[in-house]
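Student: build me a model from this:
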Amino acid sequence: MTSTDVTRTEVTHQIDVAAPAEAVYRIVADVSRWPLYFPPTVHAERVAGDDTEERIRICALANGDLRSWESRRRLFPDRHRVEFEQVVPADPVAAMGGAWTVRPNPGGGCVIVLDHHYRALGDDPANLARIASAVETNSVAELANLKRVAERAAEEPELLFEFADTVTIAGPVEAVYDFLYDAARWPERLPHVARLDLREDTPGLQHMEMDTRSPDGSLHTTVSGRVCEPNRRISYKQVKLPAALRAHNGEWLFESTSDGQVTVTARHQVFLDPEGIAALPNPPESLAAARTAVRNALGANSRATLAKAREHVEAR
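Tutor: Numbering: from 1, shown residues only. Take a look at the predicted model:
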């Protein structure tokens, strides 16, 4: 449902969910887990505030572009409602806000209502069309995935897991960060990377398509969005995934030590896809075996990248 006045457009999306309103609200309220549940969201974090009023930073894909913005949110747990308003909208948005409302259904379950209101810069029709397309695509995807996650919450402990690998490198943090930031040069620096196309239209926001070579010689193509914070952190999310994964997010974390070295941690957060695993030509015999296989594959690539980073930096 959509309505428009001279400068403001209002649009509503909703979906029925066979899960308690409280459980759905918890997912909406905790933005730190949105990259796991919402395909367009690459990175989300609370930068200020508490569980009643907060300021969050989000980086998400919109019409194929990677965009970042900050929003203020007011949370009403007793009403299962979260209101939001962008603080500094990203071009072509002049203003954007709305609300998530989770309403219990009398017969069980709930309905999620996602409202948006927005204005385009200069009230330009082309900008308005771009915003409308992004809101429609992302809202439909977010609600569908929220429904799936909430209705299958009992499976999450078996499907969701995290792991990390850490190395210490003797060198300045700037050199270590630059090696991992300059992913365009990975094909010449990393044996397991066969091809990499990098686009950075906004400083610090990278769109990356990469062909990775497996030990058996086969190539796997992934598409990722990356949020780069110089000398501190590179967060990423794969938006084109192998069949066995429902979500894969990660971070490269950098910390200088008192003796002039750098500790680098490669952290992964993985959500398995049982249907995708079952459809593999030779599926693992259990979810436990799938977790081990995924951990070994992703961890091996991270460790290989960290080893090359250490070799590169320490040789200088």
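
Student: burial count for residue 161?
Tutor: When neighbours are counted by other CB atoms under 10 Å, residue 161 registers 15. C-beta: built from backbone N, CA, C; applies to glycine.

Student: hang on, I meant residue 299
Tutor: Other residues close to residue 299 by other CB under 10 Å number 15.

Student: show me what the longest helix along the chain is packed against.
Tutor: Longest helix in the chain, counting residues (DSSP state H): helix 287-315. Packing contacts for helix 287-315, counted by 3 or more CB pairs under 8 Å, 6 or more residues apart in numbering; DSSP states H and E, involve strand 160-170, helix 173-181, helix 186-189, strand 245-256, strand 261-272, helix 274-278.

Student: I'd like the distance between residue 216 and residue 192.
Tutor: For residue 216, the distance to residue 192 (CB to CB, to the nearest Å) stands at 12 Å.

Student: before we move on, what about residue 12?
Tutor: 46 Å.

Student: among the helices and strands packed on helix 287-315, which is nearest residue 41?
Tutor: strand 245-256 (9.5 Å; CB to CB).

Student: which positions within stretch 149-162 qualify as buried?
Tutor: 149-150, 159-160 (16 or more other CB atoms under 10 Å).

Student: next: stretch 132-148.
Tutor: 132, 134-135, 137-139, 142-143, 145-147.

Student: burial of residue 54, as a residue count?
Tutor: For residue 54, using other CB under 10 Å, the count is 19.

Student: quick one: strands adjacent to the helix or strand harbouring it?
Tutor: Following DSSP states H and E, one finds residue 54 within strand 53-62. Take DSSP bridges as the rule and strand 53-62 pairs in its sheet with strand 41-49 (antiparallel), strand 65-76 (antiparallel).

Student: could I get those as CSV with distance to residue 264, mean pLDDT and mean neighbour count?
Tutor: CSV is the format used below for the strands paired with strand 53-62 (distance: least, CB to CB, whole Å; pLDDT from 0 to 100; neighbours: other CB atoms under 10 Å):
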stretch, distance to residue 264, mean pLDDT, mean neighbour count
strand 41-49, 19, 93, 18
strand 65-76, 23, 92, 18
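
Student: distance of residue 27 relative to residue 251?
Tutor: Relative to residue 251, residue 27 is positioned 21 Å away (CB to CB).

Student: could you do residue 114 as well?
Tutor: Distance from residue 114 to residue 251, by CB to CB: 28 Å.

Student: between the two, tell me which one has more neighbours.
Tutor: Using other CB under 10 Å as the criterion, residue 114 and residue 251 rank with residue 114 on top: 21 against 18.

Student: nearest to residue 99, out of the helices and strands packed on helix 287-315?
Tutor: strand 245-256 (25.3 Å).

Student: returning to what we had before: and the longest helix of the chain, which residues are buried?
Tutor: 290-291, 294-295, 297-298, 301-302, 305-306, 308-310, 312-313.

Student: same question, stretch 200-220
Tutor: Within stretch 200-220, the residues scored as buried using 16+ other CB under 10 Å are 200, 205-208, 210, 212-213.

Student: farthest-separated two in these?
Tutor: Within these, 205 and 213 form the most distant pair, 26.6 Å apart (CB to CB).

Student: list the contacts of the most centrally placed residue in the chain.
Tutor: By CA atoms, centre = their mean, the chain has its centre lying nearest to residue 42, at 2.5 Å. Counting by CB atoms under 8 Å, 6 or more residues apart in numbering, residue 42 touches 35, 59-61, 66, 225-227, 235-237, 239.
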